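# Next input, structure requested:
(2 chains)
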Amino acid sequence: MKKIGGLLWAWFDERLNLAPLVAGLEANLRKPVPAHVNWLFTLGSAIAALIGLQIFTGILLLIYYRPGADTAYQSIVRIMDEVPLGGFMRSLHVWGADLIVIFLILHMVRVFVYAGYKKPRELTWIIGVLLFAVILIFGFTGYLLPWDQLAYWGTVVATEAPASIPVIGPITREFMLGGSEVGDPTLGRFFALHVVVLPLVLLKLMALHLFLIRYQGISSLRRTDEPDPTPNEIRAEGGEPFFPHHVLRDLTTTYLVLGLLVSLAILYPAHLGDPADPLTTPLGIKPEWYFLPAYQLLKYVPEVVGVQIPPLFIGVLVLLPLLLDRSPERHPKRRLRAIGVGAVVLGLIVLLGLLGHISETRQTIFGITYHFDIQGMPHGEVP
Amino acid sequence: MAESEPLSRRFFNALMGLGFVGTLCGFAGTALAYLWPMPDAVVTSEFLSTTRGKVTGAELGENEGVVGRSPMGKVLVVRKDGALRGVQATCTHLGCTVAWNGESGEIECPCHGARYALDGQVLKGPARDPLAQVEVREETEGLRILGPVS
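I've put the predicted structure just below:
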């Protein structure tokens, strides 16, 4: 076996001169990571594993899924009721999408707190923000595919909002939908985006993101106007080699996350509502949880303003290392003001999401039933 | 006969660049035309219809409403005090389909709670614009949608 391996290696090496490439890779893997790198730095690997699993379950779902207003819902029913482990496969895909968004947010918060976006790693951050936007578009396009009532009407509401932007709004919406209302052409567009265009974009951005991380190494906590520590300095400060020390941590987190995903898929299988009916809007139409802050915001401000805030927020994240936070400090203890601002912004987003979740519902709290109105404000009712 | 001037490298590069941009524009234009929104499926019948077929007057009791498709798009028809009243059924807020609430005697949007009077006027936001009124006539074949109320 060893002999065959040796022969194969010699065959490829003779043609491609692999030795310098492998030596470079080995040196890169042995490069130490700074001493402050802890378990929080393994979230990115967990996200990569989840994305890999999404591609795997997505391909399997594609075998039975039939895009089309007349076929989509029935094909999902078939996947859930007839295909062996089809319901489980769909649940893995649905929960996988949720977990990716959760871990992506946690990963971005970690990078923010440790100032990993500062010079010279601005590009890694910007590509990461673009990856975040791509993941959100993945969620948005995938939400429609089951073609049930929630999917249909959630998409109607979400695509109606941009139409309020003067001049370009209505044509943008119509272009997105492929007609004047959500229908078969919309499903075709969203399907093509979800299964072909977005995966290509995502994989390219991911490759670039990972390359930059390995090429530049993990950020130290030194000020940006001080030179980065050399590998010897990192070792002297207690840094461990990336391989195998950090890789083992990455694998541990990845397995824990996969365990969480499988547990969720078994304990809380993905739901499928009634088939889409364009003539009847059901009560309680709400978007996916990660769009709830934007959904709730639209209730407080005019649509024309509200629809521009989420893209502006993405723009602010892109500009963060370029214009908004150019202080040379990286250590979290010396960046308390920036972290405070970030915490307030994140808190506001979470608050909006919670208000969106609780709005237009009835909740019993300490024996008193409250009706939460459209704006999420409670009104006490007789118990 | 004078020899023709040879093409300069700069001119040749510009020509190549122009050709490349032209090719890209050609493909982009073709894709744009391919993706251009298609006209909606034309509803030819002037009678209100749902997925079950034409709606007849007998199916619509007093203080009841029904949403169906028509050449005017989605229309809500309500029988109130014996008379038929019609309005556009697409909420002017975010495009959900409104429904008649017989108990409150109002048209309601299930998405964000906008409420309208039977003549389409807004009673409660977040909708700001009224629902357009539609003229309906009851015939033996079904409910004929005649057009906007003038």
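# what residues are up against residue 112?
As the question left the chain open, I've gone with chain A. By Cβ atoms under 8 Å, 6 or more residues apart in numbering or on different chains, residue A:112 lies in contact with A:339, A:342. For the C-beta atoms, the positions are set from N, CA and C on the backbone; glycine is no exception.
# Actually, chain B is the one I wanted.
Residue B:112 touches A:299, A:360, A:374, B:91, B:93-94, B:96, B:126-127, counting by Cβ under 8 Å, 6+ apart.
# Quick one, which of those are buried?
With burial judged by 16 or more other Cβ atoms under 10 Å in any protein chain shown, the buried subset of these is A:299, A:360, A:374, B:91, B:93-94, B:96, B:126-127.
# And the pLDDT for residue A:81?
Note for residue A:81: predicted pLDDT of 94.
# Helix or strand for residue B:118, just tell me which one.
Assigned by DSSP states H and E, residue B:118 falls within no helix or strand.
# Could you give the number of residues near it?
20 (other Cβ atoms under 10 Å in any protein chain shown).
# And the residue nearest the centre of the chain?
Went with chain A since none was named. Centroid check for chain A by Cα atoms, centre = their mean gives residue A:101 as the closest residue, at 3.5 Å.
# Pretty sure that one sits in a helix.
Yes - assessed with DSSP: H, G, I helix; E, B strand; the rest coil, residue A:101 lies in a helix.
# nearest spatial neighbour of it, skipping sequence neighbours?
Of all residues beyond its chain neighbours, the one nearest residue A:101 is residue A:290 (4.9 Å), with distances taken as Cβ to Cβ, 6 or more residues apart in numbering or on different chains.
# Isn't that neighbour up against residue A:140?
No - between residue A:290 and residue A:140 there is no contact under Cβ atoms under 8 Å: 9.5 Å.
# Ends of stretch A:228-238, what's the gap?
15 Å (Cα to Cα, to the nearest Å).
# what about that stretch, distance to the chain center?
Centroid displacement of stretch A:228-238 relative to its chain, using Cα atoms, centre = their mean, to the nearest Å, is 33 Å.
# got it, and stretch B:110-120?
18 Å.
# now stretch A:320-335
Centroid separation between stretch A:320-335 and its chain, computed with Cα atoms, centre = their mean, is 24 Å.
# contacts for it?
Everything outside stretch A:320-335 that qualifies as a contact, by Cβ under 8 Å, 6+ apart, is A:113-115, A:117-119, A:121-122, A:125-126, A:219-226, A:316, A:338-339.
# ok, the residue nearest to the centre of chain A to chain B distance?
Distance, residue A:101 to chain B, by Cβ to the nearest Cβ, to the nearest Å: 23 Å.
# Now for that residue: which residues touch it?
Listed by Cβ under 8 Å, 6+ apart, the contact set of residue A:101 reads A:135-136, A:139, A:290.
# Tell me the one of these nearest residue B:52?
Comparing the contacts of residue A:101 against residue B:52 with Cβ to Cβ places residue A:139 closest, at 34.3 Å.
# quick one: contacts for the closest one?
A:97, A:101, A:288, A:290-291.
# what about 10 Å?
Listed by Cβ atoms under 10 Å, 6 or more residues apart in numbering or on different chains, the contact set of residue A:139 reads A:97-98, A:100-101, A:194, A:287-291.
# Name the helix or strand of chain A that has the lowest mean pLDDT.
helix A:303-306 (a mean of 81; mean pLDDT, DSSP states H and E).
# From the contact counts, what lies against the helix or strand that comes right after it?
Once the chain leaves helix A:303-306, the next helix or strand it forms, by DSSP H and E, is helix A:309-319. Here helix A:309-319 is seen to pack against helix A:122-144, helix A:292-300, helix A:336-358 when contacts are counted using 3 or more Cβ pairs under 10 Å, 6 or more residues apart in numbering or on different chains; DSSP states H and E.
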